[in-house]
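Undergrad: I'll drop the sequence and a predicted model, then ask my questions.
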Amino acid sequence: MHPGEYEVMSRVEGDHWWYRGLRDCLERTLCSRDLSPPPGPRVLDAGCGTGANLLLLRDLLRPSHLEGFDAAEEALALAHAKVPEAELYRGDICAPEVRSAPLDLIVSLDVIYIPGAQRARDGLRTLVGALRPGGLFVVNLPAYDWLYSEHDVAIHTSERYTAPRVRRLLGDIGLEVALLTYRVCLLFPLVVMTRLPGMLRARPGDPEARSDLHQPPAPRLDRGLHAVLRAENRLIAAGVRLPWGSSIFAVGRKP
């Protein structure tokens, strides 16, 4: 990411509607009857960022082991401050080191898009190899190349995805698709309109690009957006698969 983006992410991810909505989706998924890990699971956050997802995994699952890696030392320092009991270390999704296999659950939320699926494929297969049979691999990825904007420049997005591409990727790395859906569907027109100026400004490699996180919505609007995502997440948890959205959420299961 561009300098300063991790600090902004760490500051806003606890309250920002988008991050809260993603964590709510993750929580509902891991509490469902068919996709819940066993008691006291062994958990890895592959690309843990600044730690909010680790915090959720700790509090929700009470794992017997919790570890995470990230390529950025700045992110790891911020994550360690939030979840000091997790085993955190520097690592690359393209060539990961897994320290405590076998694992019951691997989470990798908005990570693979940075190097891209082709570069990350061998590393993802390594991660799948660390899962026990029946173990789960949860991913979230940005949707649609045409949505590429200044935000993507700032956070170093190399590609965005479609649901069929994510399905193929999960199959290629040895997973069965247990859940695959778009997210941020109900708010998708608003997302497109809001992003349009950044889409027009996007210039890959622009050192002055800034993520959308620098201008979070007003608190009342933020609460409203989060409420819409929670309603959408209830549909996903009930088995509805949304036909479009700005993100793709998927769970793969190791045979």
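TA: On my side now, so go ahead. Numbers count the residues shown, from 1 in each chain.
Undergrad: Report the rounded mean pLDDT for the longest helix seen in the chain.
TA: Longest helix in the chain, counting residues (DSSP state H): helix 219-237. Averaged across helix 219-237, pLDDT comes to 97.
Undergrad: where do the helices sit along the stretch 51-200 of the chain?
TA: Assigned by DSSP state H, counting those that start in this stretch, the stretch 51-200 of the chain shows helices spanning 52-61, 73-82, 117-129, 150-155, 163-172, 188-201.
Undergrad: Show me the one of those helices that comes nearest Ala46.
TA: helix 117-129 (5.9 Å; C-beta to C-beta). Every residue, glycine included, has its C-beta placed from N, CA and C.
Undergrad: quick one: the residue nearest to Ile114 when sequence neighbours are not counted and Arg195, what's the gap?
TA: Nearest non-adjacent residue to Ile114, counting by C-beta to C-beta, 6 or more residues apart in numbering: His156, 5.4 Å away. For His156, the distance to Arg195 (C-beta to C-beta, to the nearest Å) stands at 17 Å.
Undergrad: and what of Arg223?
TA: From Arg223 to Arg195 the distance is 21 Å (C-beta to C-beta).
Undergrad: for Arg203, same thing?
TA: Going from Arg203 to Arg195 by C-beta to C-beta gives 15 Å.
Undergrad: Please say which of these two ends up with more neighbours.
TA: Shown here are Arg203 and Arg195; by other C-beta atoms under 10 Å, Arg195 has more neighbours (19 against 10).
Undergrad: So for the more buried one, what's the pLDDT?
TA: 94.
Undergrad: what's the neighbour count on the closest residue to Ala52 other than its chain neighbours?
TA: Counting by C-beta to C-beta, 6+ apart, Ala52 lies nearest to Glu13, which is 4.5 Å off, once chain neighbours are set aside. Neighbour count for Glu13, taken as other C-beta under 10 Å: 22.
Undergrad: Glu13 contacts Thr50, doesn't it?
TA: Yes - with contacts counted by C-beta atoms under 8 Å, Glu13 reaches Thr50, the gap being 6.5 Å.
Undergrad: Report the beta-bridge partners for the residue minimising distance to the centre of the chain.
TA: Among the residues of the chain, the one closest to the centroid is Leu109, at 1.6 Å (C-alpha atoms, centre = their mean). Leu109 has the following beta-bridge partners by DSSP bridges: Asn140.
Undergrad: Spit out the contact partners of Val192.
TA: Neighbour list for Val192: 147, 246 [criterion: C-beta atoms under 8 Å, 6 or more residues apart in numbering].
Undergrad: actually Ser158, sorry about that
TA: Taking C-beta under 8 Å, 6+ apart, one finds 113-116 in contact with Ser158.
Undergrad: Next one: it relative to Val111, how far apart?
TA: From Ser158 to Val111 the distance is 12 Å (C-beta to C-beta).
Undergrad: One more: Arg160?
TA: 14 Å.
Undergrad: what do you get for Leu76?
TA: Counting by C-beta to C-beta, the gap from Leu76 to Val111 is 14 Å.
Undergrad: Could you do Leu213 as well?
TA: 17 Å.
Undergrad: same thing with Pro39?
TA: As judged by C-beta to C-beta, Pro39 and Val111 stand 27 Å apart.
Undergrad: So if I had to pick from these two, which one is more boxed in?
TA: Applying other C-beta under 10 Å to Pro39 and Val111 shows that Val111 carries more neighbours, namely 20 against 10.
Undergrad: And the longest helix of the chain, how far out from the chain middle?
TA: Distance of helix 219-237 from the chain centroid (C-alpha atoms, centre = their mean, to the nearest Å) equals 17 Å.
Undergrad: Next, the contact list for Arg20, please.
TA: Contacts of Arg20 (C-beta under 8 Å, 6+ apart): 226, 229.
Undergrad: so which helix or strand takes in it?
TA: For Arg20, the host element (DSSP states H and E) is helix 17-30.
Undergrad: just the angle between the following helix or strand past that helix and helix 117-129, please?
TA: Downstream of helix 17-30, the next assigned helix or strand under DSSP H and E is strand 42-46. If you take axes from the mean of the first three to the mean of the last three C-alpha atoms, to 10 degrees, strand 42-46 sits at 170 degrees to helix 117-129.
Undergrad: Cheers, nothing more for now.
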